[in-house]
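Participant: Compute the structure for the input listed below.
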Amino acid sequence: MKIVIAIDKFKGSATSHQLSQVIGEEIHHLYPDAQVLEVPIADGGDGTFQCIRSIIGEKAMTRHVSVTAPLQQLPHVEAQYIIDGDTAYMDLATASGLALVPYGCRDVMSATTFGTGEMIFHAVNNGVRRIVLGLGGSATCDGGTGLLAALGFRFLDKDGNDLYPCGYSLSKIVSINSDNVNNNVLNAEFTLLSDVDNPLYGDKGAAHIFAPQKGATPRQVELLDEGLKHFATFLPSHIAHQPGAGAAGGVTAGMMAMLNTNVKPGIEVLLEMAHFDDIIADADLIITGEGRIDAQTLHGKAPAGVLKAAQKKGIPVIALCGCIAPDADTTSMGFKQVIAVTPSDMPLEQALNTDITLQNVATATREILFSFFM
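Facilitator: Numbers count the residues shown, from 1 in each chain. Modelled structure (predicted):
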């Protein structure tokens, strides 16, 4: 028996590694002779950096850098990234993530990706020529202006003054100056790992879909959307409506316009790095999952990438999740089974507890094994 575990984090409760470990333990408890292979995965969201570090192994060098927090009033953030040869791997969430902002302080209008730009600049100054950046989990909706400002781009108002790069300033941009941008930055290659396909602005854009999660009021959502639409007038016309342009509050659009950038589905890049096709050869079952299975799961999320790879080889896939959203049509997704591990009557605060999450996953794993192999 060969079982492959390739499960994403349950955001806010358990990491990919923790989930894989408890699932593996349950499998070995019931089937001591089973071959169990654990593959750390992510889709460009929080945790991508840690998964890539696990895949690369000991040859990866970890670098630390103190950078600007997402909000000016917060203390500097100790961000980290890894270097392998001339390539740096990093997560935007490490420097500009929503998790870095206390719940009561969330202010997406004022939040900036400047710290991520500082992290990138630090890497470039260390000889890096290629940046692989995971985009998920941002606290921001600044179109990437903060990140670009840290790299030397200037966003100017009607009087020629520098604007503080944040969502509030987007509608005030009158011109963009790139005279101070270092050639090493302009010559660097950027690969953005995304798990969404939203455009920059509009009903499905960065502001309307993601800003409310970051604390935006309905009025602020409209202001941010108007700002992103205005910012788009300074970008090549095709960029704003490209799938994924709205990722991380529009970071994708800003970087694609100003830098040598390409965008890839994060899960596909990680599975390729992990040689996933080779790992799953002759597997009897693959267990995947994420914190919430919903209508977006098949649009670039980790379980969808795992499912796509498995279907090519005819391997059944079971998905575990904390909960199943009402908009998720699990019967047509293609999974052998989708299982919500959290009891329906369990309070959210309790369900997010790491120990309880892992207990629920262990129980669900036992149920899977009994139903699938017996």
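
Participant: Tell me how this protein divides into domains.
Facilitator: 2-41+275-373, 48-267 (automatic domain parsing).

Participant: any chance of the ones you listed in CSV, with mean neighbour count too?
Facilitator: For glycine as for every other residue, the C-beta is placed from the backbone atoms N, C-alpha and C. Below are the domains of the chain laid out as CSV (neighbours: other CB atoms under 10 Å):
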stretch, mean neighbour count
domain 2-41+275-373, 18
domain 48-267, 21
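
Participant: In JSON lines: those domains, plus mean pLDDT.
Facilitator: JSON lines is the format used below for the domains of the chain (pLDDT from 0 to 100):
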{"stretch": "domain 2-41+275-373", "mean pLDDT": "93"}
{"stretch": "domain 48-267", "mean pLDDT": "96"}
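
Participant: which other helices and strands contact the longest helix belonging to the chain?
Facilitator: Longest helix of the chain, by residue count under DSSP state H: helix 354-373. If you count contacts as 3 or more CB pairs under 8 Å, 6 or more residues apart in numbering; DSSP states H and E, helix 354-373 packs onto helix 16-30, strand 285-293, strand 317-324, strand 337-340, helix 348-351.

Participant: of all these, which lies closest to residue 164?
Facilitator: Smallest distance to residue 164 across the helices and strands packed on helix 354-373 (CB to CB): 33.7 Å, for strand 285-293.

Participant: Name the nearest residue to the residue nearest the centre of the chain, ignoring sequence neighbours.
Facilitator: By CA atoms, centre = their mean, the mean C-alpha position of the chain lies nearest to residue 45, the distance being 1.3 Å. Once flanking residues are discounted, residue 45 sits nearest to residue 136: 2.6 Å by CB to CB, 6 or more residues apart in numbering.

Participant: residue contacts, that neighbour?
Facilitator: 43-46, 48, 91-93, 194-195, 247-248, 266 (CB atoms under 8 Å, 6 or more residues apart in numbering).

Participant: Same check on residue 175?
Facilitator: 156, 160.

Participant: secondary structure class for residue 248?
Facilitator: When classified by DSSP: H, G, I helix; E, B strand; the rest coil, residue 248 comes out as helix.

Participant: ugh, wrong one, residue 203
Facilitator: What three-state DSSP gives for residue 203 is coil.

Participant: and it, how far is that from residue 222?
Facilitator: Taking CB to CB, to the nearest Å as the measure, residue 203 and residue 222 are separated by 11 Å.

Participant: where exactly do the strands run in the stretch 51-200 of the chain?
Facilitator: 61-67, 77-84, 87-91, 130-134, 154-156, 175-177, 189-194 (DSSP state E, counting those that start in this stretch).

Participant: Tell me the strands beside the first one, with direction?
Facilitator: Right, the one you point to is strand 61-67. Applying DSSP bridges, strand 61-67 is found paired with strand 77-84 (antiparallel).

Participant: chain center to the strand it pairs with: distance?
Facilitator: 16 Å (CA atoms, centre = their mean, to the nearest Å).

Participant: tell me what the helix or strand where residue 251 lies is packed against?
Facilitator: Using DSSP states H and E, residue 251 falls within helix 247-258. The contact analysis (3+ CB pairs under 8 Å, 6+ apart) places helix 247-258 against helix 145-150, strand 189-194, helix 206-210, helix 218-232, strand 260-265.

Participant: so which of these comes closest to residue 356?
Facilitator: Among the helices and strands packed on helix 247-258, the nearest to residue 356 by CB to CB is helix 206-210 (28.0 Å).

Participant: Show me what that closest one is in contact with.
Facilitator: With contacts defined as CB under 8 Å, 6+ apart, helix 206-210 is touched by 141, 196, 198, 200-202, 216, 221-222, 224-225, 227-228, 245-250.

Participant: Leaving out the residues flanking it, which one is nearest to residue 73?
Facilitator: Per CB to CB, 6+ apart, closest to residue 73 is residue 105, 7.5 Å.

Participant: From residue 312, how far off is the one you found?
Facilitator: 46 Å.

Participant: for residue 276, same thing?
Facilitator: Using CB to CB, one gets 11 Å for the distance from residue 276 to residue 312.

Participant: cool, and residue 149?
Facilitator: 43 Å.

Participant: One more: residue 348?
Facilitator: 37 Å.

Participant: next one: residue 248
Facilitator: Taken as CB to CB, the span from residue 248 to residue 312 is 30 Å.

Participant: same thing with residue 40?
Facilitator: Distance of residue 40 to residue 312, computed by CB to CB: 21 Å.

Participant: With residue 331 instead?
Facilitator: Relative to residue 312, and taking CB to CB, residue 331 is found at 21 Å.

Participant: what are the bridge partners for the closest residue to residue 118 other than its chain neighbours, then?
Facilitator: Leaving aside its chain neighbours, residue 118 sits nearest to residue 67 (4.2 Å; criterion: CB to CB, 6+ apart). In this entry, residue 67 is beta-bridged to residue 77, by DSSP bridges.

Participant: got the contact list for residue 67?
Facilitator: Residue 67 makes contact with 76-77, 79, 95, 114-116, 118-119, 122, according to CB under 8 Å, 6+ apart.

Participant: before we move on, back to that, give me the residues contacting the longest helix of the chain.
Facilitator: Residues outside helix 354-373 that contact it (CB under 8 Å, 6+ apart) are 1, 10, 13-14, 18-19, 22-23, 25-27, 30-31, 285, 287, 316, 318, 320, 322, 336-337, 339, 341-343, 346, 350-351.
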